[in-house]
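# give the three-dimensional model of this entry:
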Amino acid sequence: MSPKCLFKILVYGYMNGIYSSRKLEQACRRDVNFMYLLGRRKAPDHATIARFRSERLAEVVDDLFAQLVQLLTDAGELSLSSVFIDGTKLEANANRYSFVWKKSTQKNEEKMQKKMKEELPALAAEFGIRFYVGQVIKPKDLKKLRKRLKALQAERRIVFVHGKGQRKTSLQRALQTVDQYLARQKKYNDYNHSFGERNSFSKTDRDATFMRMKEDHMKNGQLKPGYNAILAVDAEYIVSTMIGQDRSDSQMLIPMLETLKGLGYTKPVADAGFESEENYTWCEQNNQIAFIKPANYEKAKTKKYRADIGKRENMHYNAKTDSYLCHMGRPIQAAYEKKTRSKAGYPIVTTVYTCPDCAGCPHKAQCIKGASKTPLEERSKNLYVSKTFLRQREEMQARIKGEEGVMLRMNRSIQVEGAFGVLKQDMGFRRFLMRGRVKVQTEFLLLCMGYNVNKLHNKIQSDRCGTYLHIPKAS
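A predicted model of the protein is given here:
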């Protein structure tokens, strides 16, 4: 079977919501449309389809998707100006209860290290062996100790026994103890390598991260193994996609924008989940006119938010003295600058403002929020403000409230959220079939290609080719 023919079968199957290799094989034998694609060729076996999708297609699927986007560009179907970005969580093909948590692993490893430092030096001294205990006992240290115990066994010609009713020698028990510690330490090292910067992974699919999803079968906010799928949509077509392991959307915006910049896009439109100082700065440095809704945009409209006297937004700012005035009219002055870095290494400078005279304030309970071991009477009001981020957010709020901003934000909710609705509801794709990030990316690109072909057909049938934005109709 030629790769071209297998690729046609896969794309047409994904266009029609057929994802299983066994169901694709069945369709090739029974469905006249698949028979037409096959020509006079024999229907492929499901193993052939699965092997082609997981092994052969992964190396070329990105290029095939790029060719489809280029064909849409040549046909005048893409605006190549504004692009709408959003993400969703899709469940991985992994056991829902095969979780491994980073904190739990580190806690258990720390307990084992403490126990080894107490037990192994005495164990080694019992047989006249020197065992150096460093800050961390590594597998190579345990292997050296095991090797010396093995040599001692051969020297003394001790025969180890197994099974019930057999009395083990102290040397055999010591060697078994070291073997158990070595196996556990190797397991913890393996887990820590799989974690990377994540807090969890699944034993069934180690690239999958446990995330909270909308499809909650137990109705208790259960975390399930999955991937973060990011889409970029232009004129209702998917022009780029990315599969991530991070639960947060904001870390994935810059890699997506770097891809879109190569296609010529200059107006990315995204939701509040993508807002960060790092993303704003990247857009400014790369001449991108971004339209990203601030995270507090909706909350700031509420009466409760505007009445909160502890919010910085509800305090008067004096630019000359670089200070804020609290509800009692007392100044909250700039004390020092705090320098940190984001997960990606972006430097963030935060100015810390402190009120030197909070004693006896009757509004202290409403002004100072958050849990702390320090009693409320001894605490002072602090504000943490990144001036760069504050300026960027104010500029963004003014931009999205403009006529173009309102139009693009409306289209974002229609186009990219509509694309997710079609993929998950209409096409029934809610869980990946393949395992591993690379294979999952291949599967998702096949799905996006099927979606684009369906969308092109739909726009041809409804005579909407060449339209890029939805224009609201006047009432």
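# show me the contacts for the closest residue to Met252 other than its chain neighbours.
Leaving aside its chain neighbours, Met252 sits nearest to Gly244 (4.7 Å; criterion: C-beta to C-beta, 6 or more residues apart in numbering). Quick note: C-beta positions are derived from backbone N, CA and C, even for glycine. Taking C-beta atoms under 8 Å, 6 or more residues apart in numbering, we find Gly244 in contact with 87, 227-230, 251-252.
# in CSV: those, plus neighbour count.
Listed next are those as CSV, based on neighbours: other C-beta atoms under 10 Å:
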residue, neighbour count
Gly87, 25
Tyr227, 25
Asn228, 20
Ala229, 25
Ile230, 22
Gln251, 20
Met252, 22
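# show me the chain divided up by domain.
1-58, 100-202, 300-395 (automatic domain parsing).
# pLDDT weak spots in the stretch 1-150 of the chain?
Applying pLDDT under 70 to the stretch 1-150 of the chain picks out no residues at all.
# show me the helices in the stretch 301-450 of the chain, by range?
For the stretch 301-450 of the chain, the helices defined by DSSP state H, counting those that start in this stretch cover 303-306, 364-367, 387-400, 403-421, 437-461.
# in a markdown table: the domains of the chain, plus distance to Ser276.
Compiled in a markdown table, the domains of the chain are given as follows (distance: least, C-beta to C-beta, whole Å):
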| stretch | distance to Ser276 |
| --- | --- |
| domain 1-58 | 31 |
| domain 100-202 | 16 |
| domain 300-395 | 7 |
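# would you tell me which of these gets closest to Val453?
With C-beta to C-beta as the criterion, Val453 lies closest to domain 1-58 of those, at 5.7 Å.
# what's the first-to-last distance across the closest one?
Terminal residues of domain 1-58 lie 18 Å apart, using C-alpha to C-alpha, to the nearest Å.
# do stretch 300-319 as well
22 Å.
# which of the domains of the chain sits closest to Asn93?
Using C-beta to C-beta, these put domain 100-202 closest to Asn93, at 9.6 Å.
# quick one on the thing from earlier: can you say which of the helices of the stretch 301-450 of the chain is packed in most?
By mean neighbour count, with neighbours taken as mean count of other C-beta atoms under 10 Å, helix 437-461 ranks first of the helices of the stretch 301-450 of the chain at a mean of 19.
# that one to helix 403-421, inter-axis angle?
With axes from the mean of the first three to the mean of the last three C-alpha atoms, to 10 degrees defining the directions, helix 437-461 sits at 110 degrees from helix 403-421.
# out of the domains of the chain, deepest packed?
With neighbours defined as mean count of other C-beta under 10 Å, these peak in mean count at domain 1-58, which reaches a mean of 16.
# one step back: of all the domains of the chain, which lies closest to Met449?
Per C-beta to C-beta, nearest to Met449 of those: domain 1-58, 5.4 Å.
# how far off centre is that closest one?
Centre-to-centre, domain 1-58 and its host chain are 31 Å apart (C-alpha atoms, centre = their mean, to the nearest Å).
# which residue, other than its chain neighbours, is closest to Ile309?
His327 (4.1 Å).
# contacting residues for that neighbour?
309, 315, 363, 366-367.
# looking at these, which is nearest Lys381?
So of those, ranked by how close each gets to Lys381 (C-beta to C-beta), first place is Cys367, at 5.7 Å.
# turn the helices of the stretch 301-450 of the chain into a markdown table, columns for mean pLDDT and distance to Leu78.
Below are the helices of the stretch 301-450 of the chain laid out as a markdown table (pLDDT from 0 to 100; distance: least, C-beta to C-beta, whole Å):
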| stretch | mean pLDDT | distance to Leu78 |
| --- | --- | --- |
| helix 303-306 | 92 | 39 |
| helix 364-367 | 88 | 51 |
| helix 387-400 | 94 | 23 |
| helix 403-421 | 94 | 12 |
| helix 437-461 | 96 | 11 |
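# out of those, flag the one nearest Arg148.
So among the helices of the stretch 301-450 of the chain, helix 437-461 is nearest, using C-beta to C-beta, at 42.1 Å.
# list phi and psi for Leu68.
With angles defined as degrees, to the nearest 10, Leu68 sits at phi -60, psi -40.
# counting neighbours, what do you get for it?
Counted with other C-beta atoms under 10 Å, the neighbours of Leu68 add up to 19.
# please apply the same query to Val60.
Count around Val60 with other C-beta under 10 Å applied: 13.
# from Phe7, how far out is it?
9 Å (C-beta to C-beta, to the nearest Å).
# likewise Gln441?
16 Å.
# let me know the helix or strand that the closest residue to Phe274 other than its chain neighbours is in.
Leaving aside its sequence neighbours, Phe274 sits nearest to Leu253 (C-beta to C-beta, 6+ apart; 4.6 Å). According to DSSP states H and E, Leu253 maps onto helix 253-263.
# now that helix: average pLDDT?
Taken as a whole, helix 253-263 carries a mean pLDDT of 94.
# and what of stretch 155-171?
Stretch 155-171 comes out at a mean pLDDT of 87.
# quick one: buried residues of the one helix or strand Met211 maps to?
Using DSSP H and E, Met211 sits in strand 209-212. By neighbour count on 16 or more other C-beta atoms under 10 Å, the buried set for strand 209-212 is 209-211.
# who touches the nearest residue to Leu469 once chain neighbours are set aside in this structure?
Once flanking residues are discounted, Leu469 sits nearest to Asn411: 5.2 Å by C-beta to C-beta, 6+ apart. Neighbour list for Asn411: 82, 84, 269, 469-470 [criterion: C-beta under 8 Å, 6+ apart].
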